[in-house]
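prediction below, plus the sequence it came from.
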Amino acid sequence: DYALWSNGGIVLSSLTSPHGYDSWVNRLRGKIGSAQAVLEDDLREGACWRLPNRLGQIAIAFQDVVRVTHVMVDHIPAELTNAIEIAPRKLLLWGMVDGEDNLAKYHSLRSSATGPLRDLLTARTAPAFSRGMPFVPLVSFDYNIHAANHTQLFPILDSVVAAGMDFGVVVLEILDNWDGELTCLYRVGIYGE
């Protein structure tokens, strides 16, 4: 898991949603409520990154570049909480395109995109906070609070994997939750080679 803090994953605040819950007080308390909580293996109730509404994004930088193959989202099990509606529902993972080789692959991918990748590229070109950097959508997915397993793994689009792009930064956008007033993201994992 390249996103795990103990494996060198860090949150890039310049591409991460600002909000009131990520205060210096929360960071002093051991990261509960802060964005870094998603890079820890801690599923205690409340040990999540709290967004004050239904939308947000978190940017994760890796220690090394990665050919991303899967993204994992984990939430506290429904039977252990009275607030499962604050779990994320609709998510979109982006890869930040960097380097000449990746830019060439990116332009080729954009011009030949079909199916789900073409649909994603038509709808959006970058996450909400992109700082003018080029991004490619890696996968759009729904986290299912009704699934048998609260740890859910989603494959990256085949066409992106086949392009052979590697990434040093990904951005996970939360586009909606399960009808809660705020959103709580517990854990994100990024897998690849």
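Thanks, I have the structure now. Values in this document were obtained by computation on a predicted structure and should not be read as measured data. Residues are numbered from 1 along each chain as shown.

buried ones in the longest helix along the chain?
In the chain, with assignment by DSSP state H, the single longest helix is helix 100-112. For helix 100-112, burial by neighbour count (16 or more other C-beta atoms under 10 Å) applies to 102, 105-106, 109. For every residue, glycine as well, the C-beta is placed using N, CA and C.

what sits up against the helix or strand that that helix is followed by?
Next in sequence after helix 100-112, counting helices and strands by DSSP states H and E, comes helix 115-123. Outside helix 115-123, the residues within contact range by C-beta atoms under 8 Å, 6 or more residues apart in numbering are 92, 109-110, 113, 137, 140, 157, 159-160.

sorry, back to before: by contact count, what packs against the longest helix of the chain?
On a contact count with 3 or more C-beta pairs under 8 Å, 6 or more residues apart in numbering; DSSP states H and E, helix 100-112 meets strand 135-142, helix 158-163.

same thing but at 10 Å, please
Taking 3 or more C-beta pairs under 10 Å, 6 or more residues apart in numbering; DSSP states H and E as contact, the helices and strands that helix 100-112 lies on are strand 88-96, helix 115-123, strand 135-142, helix 158-163.

okay, the ones you listed in TSV with mean pLDDT and distance to Asn7 next?
Below are these laid out as TSV (pLDDT from 0 to 100; distance: least, C-beta to C-beta, whole Å):
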stretch	mean pLDDT	distance to Asn7
strand 88-96	98	18
helix 115-123	93	28
strand 135-142	98	19
helix 158-163	96	21
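
what about these, which gets the closest to Gly46?
strand 88-96 (15.8 Å; C-beta to C-beta).

now the angle from the closest one to helix 115-123?
Note on geometry: by axes from the mean of the first three to the mean of the last three C-alpha atoms, to 10 degrees, strand 88-96 and helix 115-123 are set 80 degrees apart in direction.

determine which stretch of the helices and strands packed on helix 100-112 is the most buried.
The highest average neighbour count among the helices and strands packed on helix 100-112, using mean count of other C-beta atoms under 10 Å, belongs to strand 88-96 at a mean of 23.
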